[in-house]
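[1] everything below, folded, please.
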Amino acid sequence: MTFENIIKKISQMLAITFMFVMADGYYLFQKGFDWVDGNLVLVRSAQAAVPVVDGSVVPSRFEMDEVRVLGNPAAPVTIYEFSSLGCSHCADFHLNVLPQLKKDYIDTGKVKLVFADFPIDGRSMKAAMLARCMPTDKYFDFLSVLFKKQLTWGLSFKAEKLLASYAELEGLSKEQANLCMADDDTAKEIMAVRQDALEKLRIQGTPSFLVRGPEGEEILPGMPDYETLQGVLNKYLDFNK
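    Predicted coordinates for the structure are as follows:
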């Protein structure tokens, strides 16, 4: 290959990369994201957010449709998990903490978990949109797949193609997967929940948790160790006795 052809190839690759970044950036801008100091953030929300100093003080009542619930919908205590599919700490919670939580509290009917999408970038937004297309009985299993393969699709320039391939293994066609990742109504629904969490609970990072029982609720920012989570859950379960 001549030097001229090498330069031509490099130019073509740079042009394709530029087009990819511009297209992805336009999509994110339409959804409220923008680049600030080299980081992708939700500009409107970041300006309004105030850090939570005391997690036991919940600023405002948060509500969301509980369509996808892990556990008994009538369980006395609810955990709302504000999570991004592209967040490594969220993956750690799902893969290493949730199984024990499920065994001790969810499978016994004491607690239910509601997953609240809180995307932190464009790829995690697309992954969240795709997961919403899964049947409700496969939703949490698919989340586990996405968390297990997080590094693969999260760092890929072909993230959507990889995400679609995971969905195909779960019975979704490539065409259906692509439609899911382009569904503006789903994107708006996800962003509405995210905005509510920012404004009503002042959630700013992932993962964060809202634990709600019949006698109160509190926020756990960041990833608590299992003993801390147990203590909070037991407190609200004791209220229910």
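
[2] now the terminal residues of stretch 130-149, how far apart.
    One end of stretch 130-149 sits 15 Å from the other (CA to CA, to the nearest Å).

[3] for it, buried residues please.
    Within stretch 130-149, the residues scored as buried using 16 or more other CB atoms under 10 Å are 130-134, 139-140, 142-143, 145-147, 149. From N, CA and C alone the C-beta is placed, and that goes for glycine too.

[4] tell me which of the residues you listed is nearest to residue 107?
    The shortest gap between residue 107 and any of the buried residues of stretch 130-149 belongs to residue 140, at 12.7 Å (CB to CB).

[5] measure the closest one to residue 68 for me?
    In this structure, residue 140 and residue 68 are 7 Å apart, going by CB to CB, to the nearest Å.

[6] shared neighbours of the two, anything?
    Residues touching both residue 140 and residue 68 (CB atoms under 8 Å, 6 or more residues apart in numbering): residue 115.

[7] which secondary element of this structure has the worst mean pLDDT?
    Least confident helix or strand of the chain, by mean pLDDT, DSSP states H and E, is helix 43-48 with a mean of 34.

[8] next secondary structure after it?
    Per DSSP states H and E, the first helix or strand lying C-terminal to helix 43-48 is strand 69-70.

[9] contacts only, for the residue nearest to the spatial centre of the chain.
    Centroid-nearest residue in the chain, with CA atoms, centre = their mean: residue 84, separated by 2.7 Å. Counting by CB under 8 Å, 6+ apart, residue 84 touches 90, 117-121, 124, 128, 206.

[10] ok, the residues you listed vs residue 174, which is closest?
    Nearest to residue 174 out of the contacts of residue 84 is residue 128 (CB to CB; 18.7 Å).

[11] distance of that closest one from residue 134?
    Taken as CB to CB, the span from residue 128 to residue 134 is 11 Å.

[12] strands of the protein, start to end?
    33-36, 39-42, 69-70, 77-83, 111-117, 208-213, 216-221 (DSSP state E).

[13] export these to CSV and tack on distance to residue 165, mean neighbour count and mean pLDDT?
    Formatted as CSV, the strands of the chain follow (distance: least, CB to CB, whole Å; neighbours: other CB atoms under 10 Å; pLDDT from 0 to 100):
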stretch, distance to residue 165, mean neighbour count, mean pLDDT
strand 33-36, 25, 16, 44
strand 39-42, 24, 16, 41
strand 69-70, 25, 20, 96
strand 77-83, 22, 24, 96
strand 111-117, 21, 23, 97
strand 208-213, 30, 22, 94
strand 216-221, 34, 18, 92
